[in-house]
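S.K.: Just to be clear, the model below is a prediction. Sequence and coordinates:
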Amino acid sequence: MDTRNLHGFSCIQTIKEIIFHSMMTTQLTAINWAKVLTIAVIAVLIALFGINGQRQILYACMHISYCVWWLLEQKIYPDRCKQIFTEKVDAVGFIGALLIVGVFYSLPAFLAFTNPTELSIAATATAIPLFYFGSLINTAADIQKTTAKASEAGLVRTGIWSGVRHVNYTGDLMRYLSFSVVAGSLWAFLVPLSILVLYVQRIRAKEALMRSKYQDFSDYKSTSFRLIPGIW
């Protein structure tokens, strides 16, 4: 057989293996690669536009540290890998995660690095607490639920989960809001807005499941808010 044909056949087999592997991966793996892509996008923006002020350095530190923590958290708490985003995705889902989580969610980064104005004191004073407390809330909620699930504790409704039923989503939204504030453009808020829409859909699906799974869910629902304390 012609060696060129053999080479072509080998390439086709390799492509098939890559596609097959991506079809067998989980949502979590796809999101992990998307976080790596986000770090790469920010690194490219730094190389292209440089760091010209506090806006760029603050944004890079916040978003990159978040992505790094997302990846490290799974090493520190390996049980999380068995609990979140375990659904299988095909090649289209894998690519979609890269484009949405890796690229679209990096829109505030592009806007931050192309914004020539100085970051105001008000924006700084808003963004840092949003990022800090959002990260703290999200991480605390994840750790508590991971521990509770490992011990088969049932419905998690104490501690940080006592007042808000999806408090991990609340923390995550606060974090993405902080990125938009630092970016300094209304267009940047398309990202937390799209995440909010996604979370509302997930909340409806999750609460329908929780209602049928836990007998005390109705009581929990009557004494807590879905996502935003005091509002909804």
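M.R.: Arrived safely, thanks for sending.
S.K.: Can you identify each of the strands in the protein by residue range?
M.R.: For the chain, the strands defined by DSSP state E cover 25-26, 88-89.
S.K.: ok, how many other residues are close to Trp161?
M.R.: Counted by other CB atoms under 10 Å, the residues lying close to Trp161 total 20. (Glycine included, C-beta is placed from N, CA and C.)
S.K.: what's the answer for Ala208, then?
M.R.: 10.
S.K.: What of Ala153?
M.R.: So Ala153, with other CB under 10 Å, has 13 neighbours.
S.K.: likewise Cys61?
M.R.: Cys61, neighbours per other CB under 10 Å, totals 12.
S.K.: distance of it from Ile128?
M.R.: 10 Å (CB to CB, to the nearest Å).
S.K.: Tell me the buried residues in stretch 146-162?
M.R.: For stretch 146-162, a neighbour-count test (16 or more other CB atoms under 10 Å) marks 146, 148, 155-157, 160-161 as buried.
S.K.: whoops, stretch 136-143 was the one
M.R.: Neighbour-count burial for stretch 136-143 [16+ other CB under 10 Å]: 137-143.
S.K.: now, which of those residues lie within helices?
M.R.: Mapping the buried residues of stretch 136-143 onto helices (DSSP state H) picks out 137-143.
S.K.: Take these and lay them out in a markdown table including distance to Trp232 and pLDDT.
M.R.: As requested, those are exported to a markdown table (distance: CB to CB, whole Å; pLDDT from 0 to 100):
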| residue | distance to Trp232 | pLDDT |
| --- | --- | --- |
| Ile137 | 16 | 96 |
| Asn138 | 18 | 94 |
| Thr139 | 23 | 92 |
| Ala140 | 21 | 93 |
| Ala141 | 17 | 92 |
| Asp142 | 22 | 89 |
| Ile143 | 25 | 88 |
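S.K.: State the pair within those that is farthest apart.
M.R.: Ile137 and Ile143 (11.1 Å; CB to CB).
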